[in-house]
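Student: please work out how this folds:
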Amino acid sequence: MAQFKTLKDAVADNLRPGDIAAFEGFTHLIPHAAAHEVIRQGIGELTLVRLTPDLVYDQLVGCGLVKKMIFSYLGNPGVGLLRRVRDAVENGVPQALELEEHSHAALANAYEAGAAGLPMAVFRGYKGAGLKAVNANIRSVTCPFTGEELAAVPAIRPDVTFIHAQKADRKGNVLIEGILGVQKEAVLAARRAVITVEEIVDDFDDAHPNLTILPHWTISAIAHVPGGAHPSYARGYYGRDNAAYVEWDEIAADMDRFRAWIDTHVMQAGPEDFAGRVETLKGKM
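Tutor: Residues are numbered from 1 along each chain as shown. Take a look at the predicted model:
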């Protein structure tokens with residue numbers, strides 16, 4: 001049942017060292033503020049899951065909080081690679097990082113299997129793909145009805161899923177508009193879920209009922225964090241901060257500059273700072 005909390009308390013009450021955590025969002029509504037609170041609290045030894053790891057995971061990895069990533073694409077979208085992730089994989093800086101790579105279809109199906117309480121996901125895929133040679137969790141099964149060989153991967157059940165959304169009502173129901181990735185499935189698959197939102201409203205009476213993606217009983221905690229998806233965008237609230245993505249490539253390339261950025265924009269900042277960051281982005285959706 002959803003409880004309204006500060007972001008600090010929501011993270012502290014739901015994420016523990018060694019957990020499997022998903023910070024999901026696709027193109028927009030990426031939970032940057034939640035990830036920054038994890039960094040401030042120094043919760044480490046995490047296994048991170050996400051279809052498209054970007055700046056959020058580069059920052060968590062660069063701060064030495066991640067031991068493994070399960071993913072299906074990683075990069076700074078529209079810019080290039082993730083330099084802190086690459087340094088961890090190639091040089092063990094600041095610590096070694098294990099990778100488990102999948103296709104988008106595999107991870108999406110794995111979340112759905114986790115949400116359904118199944119031990120694995122079965123789907124068509126990976127035929128002719130080289131990932132099977134480096135990922136022992138990509139296997140095959142034979143359909144007992146048709147004899148067709150199908151791909152199989154373990155279900156994903158995060159200990160905690162973090163997402164950002166546009167609105168929550170006073171009951172704790174969550175509304176999302178715009179592009180949907182696997183936020184719903186990642187929350188339903190998780191043992192606990194923390195949602196940051198742009199605003200809290202009395203009810204959704206003026207909204208289409210299908211926009212209520214997650215009912216209150218699927219959620220552990222909701223935190224009001226305006227701007228909490230920056231530098232990604234939140235449809236109807238602010239646009240994507242493209243300059244921040246370009247700048248990140250230079251910041252992450254130098255460890256001293258990276259540490260200085262984290263100190264200024266994460267350790268000395270707080271959830272309330274996110275709202276100020278997006279003021280110049282209004283109207284650029």
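Student: can we go C-alpha only for contacts and neighbour counts from here?
Tutor: Will do.
Student: run through the protein and note the low-pLDDT ranges.
Tutor: Applying pLDDT under 70 to the chain flags residues 282-285.
Student: show me how it divides into domains.
Tutor: Following automatic domain parsing, one finds the domains of the chain at 3-102+157-272, 104-154.
Student: deepest of these, which one?
Tutor: Comparing the domains of the chain by mean neighbour count (mean count of other C-alpha atoms under 10 Å), domain 3-102+157-272 comes out on top with a mean of 20.
Student: all strands for the stretch 101-250 of the chain, in order.
Tutor: Ranges of strands in the stretch 101-250 of the chain, per DSSP state E, counting those that start in this stretch, are 120-123, 139-142, 149-154, 160-169, 174-175, 192-201, 212-214, 221-224.
Student: let me know which of these is the nearest to Gly75.
Tutor: Nearest to Gly75 among those is strand 160-169 (19.1 Å), distances taken as C-alpha to C-alpha.
Student: which secondary structure elements does that closest one contact?
Tutor: strand 20-23, strand 174-175, helix 183-189, strand 192-201 (3 or more C-alpha pairs under 8 Å, 6 or more residues apart in numbering; DSSP states H and E).
Student: neighbouring strands - and their directions - for that strand?
Tutor: strand 20-23 (parallel), strand 174-175 (antiparallel), strand 192-201 (parallel) (DSSP bridges).
Student: need the residues that contact that strand.
Tutor: 14-15, 19-25, 29-31, 34, 174-177, 183, 186-187, 190-204, 222, 228-229, 234-235 (C-alpha atoms under 8 Å, 6 or more residues apart in numbering).
Student: format the helices and strands packed on strand 160-169 as TSV; extra columns: distance to Leu281.
Tutor: Listed next are those as TSV, based on distance: least, C-alpha to C-alpha, whole Å:
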stretch	distance to Leu281
strand 20-23	23
strand 174-175	22
helix 183-189	24
strand 192-201	14
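Student: for Ser72, find the nearest of the ones you listed.
Tutor: Across those, Ser72 has its closest neighbour in strand 20-23 (12.9 Å, C-alpha to C-alpha).
Student: how far is the helix or strand following the closest one from where the chain is centred?
Tutor: Next helix or strand after strand 20-23 toward the C-terminus (DSSP states H and E): helix 32-41. Put simply, helix 32-41 sits 12 Å off its chain's centre (C-alpha atoms, centre = their mean, to the nearest Å).
Student: same question, stretch 249-256
Tutor: Relative to the centre of its chain, stretch 249-256 is centred 22 Å away, using C-alpha atoms, centre = their mean.
Student: identify all contacting residues around it.
Tutor: Stretch 249-256 is contacted by residues 76, 79-84, 257-258, 261 when judged by C-alpha under 8 Å, 6+ apart.
Student: closest one of those residues to Glu112?
Tutor: Distance to Glu112, by C-alpha to C-alpha, is smallest for Asn76 among the contacts of stretch 249-256, at 26.2 Å.
Student: that closest one bridge partners, please.
Tutor: When bridges are called by DSSP bridges, Asn76 pairs up with Gly80.
Student: if I look at it, how far off is Val246?
Tutor: 8 Å (C-alpha to C-alpha, to the nearest Å).
Student: Asp169 now?
Tutor: Relative to Val246, Asp169 is positioned 35 Å away (C-alpha to C-alpha).
Student: likewise His208?
Tutor: 36 Å.
Student: please identify which of the strands paired with strand 160-169 is closest to Arg124.
Tutor: Using C-alpha to C-alpha, those put strand 20-23 closest to Arg124, at 24.2 Å.
Student: and the contacts of the closest one?
Tutor: With C-alpha under 8 Å, 6+ apart as the test, strand 20-23 has contacts from 15, 30-31, 35, 46-50, 157-163, 186.
Student: where do the helices of the stretch 1-150 of the chain begin and end?
Tutor: 7-14, 32-41, 55-62, 83-91, 104-116 (DSSP state H, counting those that start in this stretch).
Student: so what does the longest one touch, helix or strand wise?
Tutor: Judged by 3+ C-alpha pairs under 8 Å, 6+ apart, helix 104-116 is in contact with strand 120-123, strand 149-154, helix 183-189.
Student: perfect, I'm done here.
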